[in-house]
Structures are given as structure tokens and as C-alpha cells.
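> I'll drop the sequence and a predicted model, then ask my questions.
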Amino acid sequence: MRVSTAEITSQAIQAIDNQSSALQITQNEVSTGLAVQNAADNPVAASQIVQLEQQQAQLTQYGTNLQSAQTRLSLEESSLATATTTLQSIRDLAVQAGDATLNDTDRQQIATQIQTDIQSLLGTANTQDSNGEYLFSGYSTQTQPFVTDSAGNVSYEGDSGSRLIQVSPNQSVADSDTGATAFMNIAAGNGSFTTAANAANTGSGIIDSGSVVDSAQWVPDNYQLTFTSPTNYQITDTTTGTTVVANGTYTSGTAIQFDGVEVTVSGAPAAGDSFNVAPSGNQSMFATLSQLTMALSQPADTSASKAQLATSLASALTNIDQDVSHLSTVSASVGARLNMLTAQATTNTATSTTLTSQQSNLQDVDYASAVSTLNEQMVGLQAAEQSYAAVAQLSLFKYLTF
């Protein structure tokens, strides 16, 4: 068989091209550190790498979400602490207002101070984050949650939704609480019932906030405690009509029990004076503080008006204590979510490290093996080039004599 010069040249060039291509691939692996440059290099590994990259991208987004949630919850925690401090300051002023030596002018000055604290509390309830979004508006983050009308009444303008932020494939967290949850829907009185003096009372009787002594017997109806004389009383269930549920002889400072609860009246009530006991409803802390300032603004220059003031102050203190306790509960919920986010951040970091390791095992080049292969391919290419050069110089004409 004859092998032509053209065939020899073609085969030699093809061998050199093959060696050059293989060498270029190895050089790319060494320079980039990647063993899989494209899907053709290793289809199975390439597919797995794409999946790992998608999971890493999701973790990156979860990390961004997590940081955003941590920022807003930390801001809420700080805001709730500020609100609690403001309420405690108002409580101190309410206690001070109960000093019997104060006159109407002194109490009005205290009411003015409380009004200032109410404005501070309102500012806290309208806190905005660094993006200008209101913290306590629910989904309506561009809507100011609390507004005051011309009469000074505070209303909630946000909604009841809580934004859920995804921080892992199976975990989401509310990044704030609504204003209704934090500041509005708070149980009044002692949490079971409220007490109040009839505005038409003429005696000096004062009723406390009372307590439940036997929850099994407590019937949450409306009751009226009426003094039939300065030393006798009867209690009527006004929900069912005029049913008398208890009566007895009055002694100042002695607890009066009925239907599983007890209240204490002190002072000297007049015949016909009455006090109301009603199931607790929900009341905003702004309404509580508004009632307090109104009570302090009323003249208290008679025994009856002083008794009304004392009852109002006692009720306000009970409600403020409920407000502080409520804020503590909400703050505990915020703290629990922050702890969960911290734990989730640790989990996400560990997961990311694992994914990075898996991707490295699939994609990163083995430098020791790659450098060894590179050296072998360089020697092979040089040998192919030298062999072709030697063969290309062969010719029959060198051996013919003319």
C-alpha cells in the first residue's frame, strides 16, 4: 500500500491538533481551577452543579430575608421597651396624683405631663424603619397606623395582617406585630371584670378593681352593687333583669363576695349610691390614658368627687398594669422570633458550607493530577511536532543520483 505525502501530512497535523486541544483543556482547568467547564465535560456533574447553585441562590435570598426580619424585629423590641418605659412614667404620675394634699391645679399639671407622655407613646406606636415603612401597620406599611381626631381620640388605621418572611425552605416568620395587637386589644380591668362608680354617687365610697376567687362560680354578667342604706347593700344581676344575687351589711374595707368574685368598697357610701361590675372587654392603652387625663382634669373639691377621682385612679392604675403586662407578652414573642432567626442563620450557614463542599467536589480541579497530565500532554505535543518535522523532510530525491 502506498502512503502519499498528503496523507502523512494530514495525519500528522490531526495528531498535533488533538494534542493541542487536549493541552488547552488542561491549561484551562489549571488556570480556572474548574474541572467542569461546561456540560459536555461531565453531563451528570454539570446537572448536579446547577442544582447546587440554585440551592445556594435560595440560601442567599433567605439570608437577605433573615437580616431584614432581624432588623425590623429588633426595632420593634426597642420600640416596645420605649413604650413600656413611657407607661411606667405615666403610672408614677398617676400614683402621684392620688396624693390627698394636691389641689385641682396640681392635678391639672400632672394631666398636662401625661398628655405629653401620650404624644411620646403615639410617636413610638408610629415608628418607621429605615425604608420609611411603618412598623405597626400590618400589610399597610405605607399607612400611618395611629391617628388622632379633633376630639383627641386615637384610632388604628392599619390592618390586621402580619408579613411573613421566608427564612428557610420550611420556615417563615412574622417580621412585626400589628398596632392592634400591640397597643389596642388589651383586656380592661383585672382581666376578668371591670369596676366603676356611678357618676351620680353622693357618698365617699371607693371601689377597688376586685379579683376572681373561684373561676368555676364566676358568671360574666353585668352586676350592680347598690347601697340600700349607708350600712347595707345588695347586688343585682342586671343582665338577667333584677335578680338579687347577694346582700349584706357593709363594713368599710371588707371584701364583698358574690358569684365567685370579690370587690372591696371603702369609705362612706350614701344610700342609693351604686357601683358597676362588668365583664372585661378590650381597650386600647390610649383610651385608658385618655380616661386618666379626663379624671385628673375634673374638679375634686367634695367628698363625693374625691371618691370618684380615687376610683378612677385605681381603675387607671389597674389598666396601666394590664398594658405593661401586655407589652411584656408581645416583647417576649418578639424575643422568641429573634432567637429563632439566630438559630436559623446558623443552620443556613452550615447548609451553605455543605453545599459549597459538594460543589467543590464536583467542580474543582485536582491540581496534582492536572499538572501531571499537563506535563504529559506538553511532552506529547512536542514529540508530535518533532516527528512531523522529521517525516516532512524525507524525500526519494535525496537518494537519487543524476
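Now that the structure is in, tell me what you want to look at.
> Ala350 sits in which helix or strand?
helix 303-363 (DSSP states H and E).
> Report all helices and strands that that helix contacts.
Judged by 3 or more Cβ pairs under 8 Å, 6 or more residues apart in numbering; DSSP states H and E, the packing partners of helix 303-363 are helix 43-97, strand 164-168, strand 171-174, strand 186-187, strand 193-197, strand 206-207, helix 285-297. No exception for glycine: its C-beta is placed from N, CA and C like everyone else's.
> one more time with 6 Å, if that's ok
Packing contacts for helix 303-363, counted by 3 or more Cβ pairs under 6 Å, 6 or more residues apart in numbering; DSSP states H and E, involve helix 43-97, strand 186-187, strand 206-207, helix 285-297.
> in its sheet, what does the third one sit against?
To tie it back to what came earlier, the one meant is strand 206-207. strand 261-266 (antiparallel) (DSSP bridges).
> just how off-centre is the partner strand within its chain?
Here strand 261-266 is found 40 Å from its chain centre; the criterion is Cα atoms, centre = their mean, to the nearest Å.
> Equivalent analysis for stretch 237-257, please.
Distance, centroid of stretch 237-257 to centroid of chain: 45 Å (Cα atoms, centre = their mean).
> end to end, how far does that stretch reach?
Taking Cα to Cα, to the nearest Å, stretch 237-257 runs 14 Å from one end to the other.
> Mind listing residues that contact that stretch?
With contacts defined as Cβ atoms under 6 Å, 6 or more residues apart in numbering, stretch 237-257 is touched by 221-224, 231-236, 258-259, 262-264, 266.
> And stretch 318-327, by the same measure?
80, 83-84, 87, 91, 186-188, 209, 285, 288.
> Nearest to Ala174 among those?
For the contacts of stretch 318-327, the minimum distance to Ala174 (Cβ to Cβ) is 14.3 Å, reached by Leu80.
> So what pairs up with Ile235 in the strands?
Applying DSSP bridges, one finds that Ile235 bridges with Leu225, Ala246.
> Count residues in the vicinity of it, would you?
22 (other Cβ atoms under 10 Å).
> Ser215 too?
9.
> excluding its backbone neighbours, what's nearest it?
Gly260 (6.4 Å; Cβ to Cβ, 6 or more residues apart in numbering).
> three-state assignment of Pro299?
Recorded secondary structure, Pro299: coil (DSSP: H, G, I helix; E, B strand; the rest coil).
> what's the distance between the nearest residue to it once chain neighbours are set aside and Thr302?
Distances taken as Cβ to Cβ, 6+ apart place Asp104 nearest to Pro299, at 5.3 Å, with adjacent residues excluded. Distance check for Asp104 against Thr302: by Cβ to Cβ, to the nearest Å, it reads 12 Å.
> Please apply the same query to Ile320.
26 Å.
> more neighbours, these two?
Ile320 (20 against 11).
> burial count for Ser303?
As a burial measure, Ser303 scores 15 neighbours (other Cβ under 10 Å).
> and what of the one 4 residues further on?
Other residues near Ala307 come to 24 when the count uses other Cβ under 10 Å.
> Okay, now the unreliable bits of the stretch 301-402 of the chain?
Within the stretch 301-402 of the chain, the segments meeting pLDDT under 70 span 359-402.
> Also the chain?
Applying pLDDT under 70 to the chain flags residues 1-42, 44-46, 49, 359-402.
> switch the cut-off to 50
Counting by pLDDT under 50, the chain contains no low-confidence range.
> Spatially central residue in it, please.
Compute the mean C-alpha point of the chain, and by Cα atoms, centre = their mean the closest residue is Ser176, 3.4 Å away.
> Backbone dihedrals for that one, both of them.
Note on Ser176: backbone dihedrals following degrees, to the nearest 10 are phi -170, psi 170.
> what's the answer for Ile256, then?
phi -110, psi 120.
> Three-state assignment for Gln113, please.
helix.
> Who are the contact partners of it?
Per Cβ under 6 Å, 6+ apart, neighbours of Gln113: Leu93.
> Start at 9, not 1
Yep, numbering from 9; the last one is Gln121 now.
> if I look at it, how far off is Thr202?
In terms of Cβ to Cβ, Gln121 sits 26 Å off from Thr202.
> Same check on Phe144?
Phe144 is 26 Å from Thr202, by Cβ to Cβ.
> So if I had to pick from the two, which one is more boxed in?
Using other Cβ under 10 Å as the criterion, Phe144 and Thr202 rank with Phe144 on top: 27 against 21.
> Pretty sure the more buried one sits in a helix.
No: secondary structure of Phe144 (three-state DSSP): coil, not part of a helix.
> Please name the nearest non-neighbouring residue to it.
Phe144 sits nearest to Gly187 (Cβ to Cβ, 6+ apart), 3.7 Å away.
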